[in-house]
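Trainee: based on what follows, work out the 3D shape:
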Amino acid sequence: MASTHTPAHPAGPAAGTQLLDHPGPNGSEARDSAARGSDHAGVAGTAGHGDPFAPEAESSRHRLPRQTRGASPLLGVTAVAATLGATGFAAATPAAAPAVEAPDETPVALAADPGLALAARIQQQADSQRTAAEESARLQAAQEAEAKAAAKEAEAKRATEEAERAKAAALTLPVKNYNLSAHYGQSARYWAHLHTGLDFAADTGTAVYAVGQGTITSAGWSGSYGYRIVETLPDGTEIWYCHLSSIIKGSGEVTSGQQIGKVGATGNVTGPHLHLEVRPGGGAPVDPEPWLQQHGLNP
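Mentor: This next block holds a predicted model:
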């Protein structure tokens with residue numbers, strides 16, 4: 001009858017498989033018994049004889065091979081973990097948080113680098129100087145514009161004053177439609193003295209105009225002169241308008257060419273005419289003809 005026991009592994013328990021321990025009343029005794037049975041089985045197999053029904057052989061025959069506690073189980077677990085990590089664990093792992101941008105570290109860099117800080121200060125000074133230069137240029141331009149405006153205003157004022165002076169200096173003839181009937185210095189039986197003015201013969205009611213810009217200082221009846229108007233020019237020269245039929249402007253300022261009365265025949269006259277006298281500074285009369293000619297008028 002062939003032997004049915006399992007021979008021991010040539011390499012021993014440490015190198016291959018080990019027998020699993022059967023439970024018993026005492027775990028240490030079962031291990032000792034298993035060790036003894038293994039030794040007996042080895043001896044019996046080598047010698048080729050022995051009792052197959054011996055207790056030791058029976059014990060050895062019912063033992064199952066046991067895996068050694070080596071690296072293989074751990075390698076299996078590691079493989080499973082790797083597989084799960086690549087699939088399930090990866091799905092279970094929460095998504096990485098979005099990257100947060102780091103704050104601008106330029107000021108720190110500038111503070112840490114003296115060269116950059118110096119360059120920044122130089123740039124700031126240049127900007128300040130440029131701003132100051134622009135402001136100065138703006139103020140200068142504003143001042144120049146203001147000066148030009150003031151000069152222009154002053155020029156306009158001077159032009160106005162000159163125009164007024166020219167207007168004041170401009171003279172006009174006192175009558176437009178006339179004939180010269182008597183000149184200065186003539187003598188006649190109806191004059192008590194030599195003729196003191198220039199006579200402009202015209203119809204009664206013909207308009208009489210102010211010779212120049214001035215002020216009427218007297219107006220009314222004046223004996224042999226009849227109705228008379230006295231105008232004083234800006235230089236003090238008096239202009240007498242005599243023998244008027246009516247007085248239109250009896251006082252106040254007048255301009256050159258403004259109507260002030262009408263031709264008449266009042267006073268000591270032989271016919272209607274305007275008797276014009278010129279008295280510089282309000283003094284004695286002078287010949288009106290050369291005086292008018294000096295002012296650009298040719299009666």
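
Trainee: give the other helices and strands that the strand ranked longest in the chain contacts.
Mentor: Longest strand in the chain by number of residues (criterion: DSSP state E): strand 238-247. Packing contacts for strand 238-247, counted by 3 or more C-beta pairs under 8 Å, 6 or more residues apart in numbering; DSSP states H and E, involve strand 214-221, strand 227-232, strand 259-263, strand 273-279. All C-beta spots, glycine's among them, are computed from the backbone N, C-alpha and C.

Trainee: give me the residues contacting the last one.
Mentor: Strand 273-279 is contacted from outside by 174-175, 178, 181, 196-202, 208, 211, 225, 237-244, 263, 265, 269, 285-288, 291-292, using C-beta atoms under 8 Å, 6 or more residues apart in numbering.

Trainee: show me those that map onto helices.
Mentor: Using DSSP state H, the subset of the contacts of strand 273-279 located in helices is 288, 291-292.

Trainee: where does the stretch 101-250 of the chain dip in pLDDT?
Mentor: Applying pLDDT under 70 to the stretch 101-250 of the chain flags the ranges 101-112, 168, 188-192.

Trainee: make it 90
Mentor: For the stretch 101-250 of the chain, residues meeting the criterion pLDDT under 90 lie at 101-121, 123-125, 128, 130, 161-170, 185-195.

Trainee: residue ranges for the helices of the stretch 51-200 of the chain, please.
Mentor: 55-61, 72-86, 88-92, 106-112, 114-169 (DSSP state H, counting those that start in this stretch).

Trainee: so which of the helices and strands packed on strand 238-247 is the most surrounded?
Mentor: Burial of the helices and strands packed on strand 238-247 is given as mean neighbour count (mean count of other C-beta atoms under 10 Å); strand 273-279 ranks first at a mean of 23.

Trainee: strand 259-263 and that one, what's the angle between them?
Mentor: Between strand 273-279 and strand 259-263, the angle comes out at 130 degrees (axes from the mean of the first three to the mean of the last three C-alpha atoms, to 10 degrees).

Trainee: all set now, cheers.
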